[in-house]
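Novice: Predicted structure and sequence below. I'll ask about it afterward.
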Amino acid sequence: MSGAGARRSVIVIGGGMAGLAAGCYARMCGMRATVVEQHFLPGGLCTSWERKGYVLDGCLSYLYGTAPGRPYHSLWKELGALDGRRAIHLPEFIRVRDADGREAIAWTDADRLEEHLLSISPADARPIHALARGIRDLAGLDLSVLQASPPGLRTPLDWARLGMTMLPFIPATARWATVSAGDFARRFRDPFLRRAVPHLFGWPEIPMLAGLSLLASMAKGNAGFPEGGSLALARAVERRFRDLGGEILYQRRVDRILVERGRAVGVKLFSDEELRADWIVAAADARATVEDMLGGRYRSRPLERMYRGAFPIHSQVQVSLGVKRDLSAEPTWVVHLPREPYRFLNEERDTLVVKQFGFDPTLAPPGHSVAEMTFRMDYRYFERIYGNRLYDAEQAQLAGQALEQLERVWPGIGADVEVTDVATPVSYERYTGNWQGSSCGWLLTTKTMPRMIAGLPHRLPGLGNLVLAGQWVEPGGGVPLCAASGRNAVRMICAAEGLEFRSDRP
């Protein structure tokens, strides 16, 4: 490519969504770009894997940006992520079912949700009306404006525009940003709803602002599931990067970042190969970047505080099944509330989370289905046992315990299971390099919400020519945030180099 940018080069560490996006935008801005990825696949945590004809998805339940003209859609268009890909839209997000068969369903339509919850408990009209009103009030909220440009580059005019965009939503934002789903549930009188509502938005700690915005986005068709799943989405962005002339080096792991005179100048791989560039975008695990690749010499105090436990993370076990049974008529995502707690890996559980992907026929052979169960788990136990026979035995035990509980939901399902796959927090860490196997960086809670709005530093003190990108510097994580983070990393490079930022190259 011609222009001033052609004289500049970028090495991107990590081929997840943030790294792939950074590579794409670097090429669009005329820079030479090389992505270095330790795995043999693109996508990082935005991934899925195939087992005997079944595609087991490890990431997406929905994707913001699937509707033209809505938030994040232009980002995916620039990255070619949804080209020729159908977005599957569902009328409900999740449902909660107790042992007596009562159900609370998170319909995406506010009117339908309101009517449904009132039919369960007319005595809870006040919180139910507030919930529906919140969805309506937040229907036009565009949280993507917070990632439209890096905070460090915003001019007074940018801040003024941001303020004007957010102004109509300030009352609703103030009302819901500091209230978690668990907090909100305590406003209900009905015992079933008090137990069910914390799970209607994904997890009890989630701020109601995020949960209500999600339902509003789904109702507008802007949070669908991209047909083919997570890895297919990542491969589309990889294809865009290659079409733009970018280079991806797979199965190459960065040992350290080369620094000269306080400036990042390249990377040294574990193979002893050295690669040099004008800029480094570190789109890998931020802790590994700072502590391992840079030897702890350029610590960011906000990040260091968070890694010491100030903010929570989400580690999980995912048990995936390929079954010779058509489950497409079943609800997509159900949180089951058993009558009595059950034991799973020596811990008592009071919920069973089951998801089936029958809505996407590309993920299983005809008449067959993919189902999965997820369990929040402590990484440290799996770290201790990894590498010995106990780890393999525990994986088999986890699969057996999960299937035993699933039999209560779908009797006889065990006889139809053709594929069983267990991913532990160590699996996530091993294949993606993310600290303690976190599947979404910092868990989005009422505590992390202000950080999501304010943002974390994307530069390290005392180190030039390096920009951080990805879920560890974008509290709340998620695939769109990571892609936007990669985009903004290149915007920061362009600003430092005096280059025009472009996102429109064919």
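Specialist: Sure, I can see it.
Novice: show me where pLDDT drops low in this structure?
Specialist: 1-6, 143-155, 158-159, 162, 452-454, 505-506 (pLDDT under 70).
Novice: Got the domain ranges for it?
Specialist: With automatic domain parsing as the criterion, the domains of the chain are listed as 4-46+69-85+227-310+443-497, 104-220, 316-432.
Novice: Tell me which of those domains lies nearest to residue 53.
Specialist: Residue 53 lies closest to domain 316-432 among the domains of the chain, at 5.1 Å (Cβ to Cβ). For every residue, glycine as well, the C-beta is placed using N, CA and C.
Novice: which of the domains of the chain sits most buried?
Specialist: domain 4-46+69-85+227-310+443-497 (a mean of 21; mean count of other Cβ atoms under 10 Å).
Novice: Residue 314 and residue 435 touch, don't they?
Specialist: No. Applying Cβ atoms under 8 Å, one finds residue 314 not in contact with residue 435, separated by 11.6 Å.
Novice: ok now stretch 295-312, how far from the chain's centre?
Specialist: 21 Å (Cα atoms, centre = their mean, to the nearest Å).
Novice: let me redo that: stretch 252-265
Specialist: 28 Å.
Novice: Stretch 93-103 too?
Specialist: Taking Cα atoms, centre = their mean, one finds the center of stretch 93-103 at 25 Å from the center of the full chain.
Novice: The stretch 401-506 of the chain: strands as residue ranges?
Specialist: Here the stretch 401-506 of the chain has its strands, by DSSP state E, counting those that start in this stretch, at 417-423, 466-468.
Novice: of all the domains of the chain, which lies closest to residue 93?
Specialist: Per Cβ to Cβ, nearest to residue 93 of those: domain 104-220, 4.3 Å.
Novice: How far off centre is the closest one?
Specialist: That offset, for domain 104-220, works out to 19 Å (Cα atoms, centre = their mean).
Novice: follow-up on the earlier one: could you dump the domains of the chain to a markdown table with distance to residue 95?
Specialist: Listed next are those as a markdown table, based on distance: least, Cβ to Cβ, whole Å:
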| stretch | distance to residue 95 |
| --- | --- |
| domain 4-46+69-85+227-310+443-497 | 21 |
| domain 104-220 | 4 |
| domain 316-432 | 5 |
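Novice: Residue 54: which of the ones you listed is closest?
Specialist: Across these, closest to residue 54 is domain 316-432 (Cβ to Cβ), at 3.3 Å.
Novice: Quote the end-to-end distance of the closest one.
Specialist: With Cα to Cα, to the nearest Å as the measure, domain 316-432 spans 14 Å from end to end.
Novice: Likewise for stretch 460-473?
Specialist: For stretch 460-473, the first-to-last residue distance is 12 Å (Cα to Cα).
Novice: would TSV of the strands of the stretch 401-506 of the chain with distance to residue 446 be doable?
Specialist: Converted to TSV, these look like this (distance: least, Cβ to Cβ, whole Å):
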stretch	distance to residue 446
strand 417-423	29
strand 466-468	25
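Novice: Tell me which of these lies nearest to residue 332.
Specialist: Closest to residue 332 of the strands of the stretch 401-506 of the chain, according to Cβ to Cβ: strand 417-423, at 19.4 Å.
Novice: Packing partners of that closest one?
Specialist: strand 48-51, strand 54-57, strand 316-323, helix 389-409 (3 or more Cβ pairs under 8 Å, 6 or more residues apart in numbering; DSSP states H and E).
Novice: Direction included, what does the second one pair up with?
Specialist: Here strand 54-57 has these sheet partners by DSSP bridges: strand 48-51 (antiparallel).
Novice: For the residue most central in space within the chain, which residues are in contact?
Specialist: By Cα atoms, centre = their mean, the chain has its centre lying nearest to residue 478, at 2.6 Å. By Cβ atoms under 8 Å, 6 or more residues apart in numbering, the contact set of residue 478 is 64, 440, 471.
Novice: The closest residue to the last one other than its chain neighbours: neighbouring residues, count only.
Specialist: Put plainly, it is residue 471. Setting aside the residues directly before and after it, residue 471 is nearest to residue 441 in space (Cβ to Cβ, 6 or more residues apart in numbering), at 3.2 Å. Residue 441 is flanked by 27 other residues according to other Cβ atoms under 10 Å.
Novice: What residues does residue 441 make contact with?
Specialist: Going by Cβ under 8 Å, 6+ apart, residue 441 touches 313, 434, 470-472, 474-477.
Novice: Now do it against residue 223, distance only.
Specialist: Counting by Cβ to Cβ, to the nearest Å, the separation of residue 441 from residue 223 is 19 Å.
Novice: now do residue 465
Specialist: 37 Å.
Novice: How about residue 47?
Specialist: 20 Å.
Novice: Settle it for me: which of the two has more neighbours?
Specialist: The neighbour comparison of residue 47 against residue 223 (other Cβ under 10 Å) goes to residue 223, with 28 against 24.
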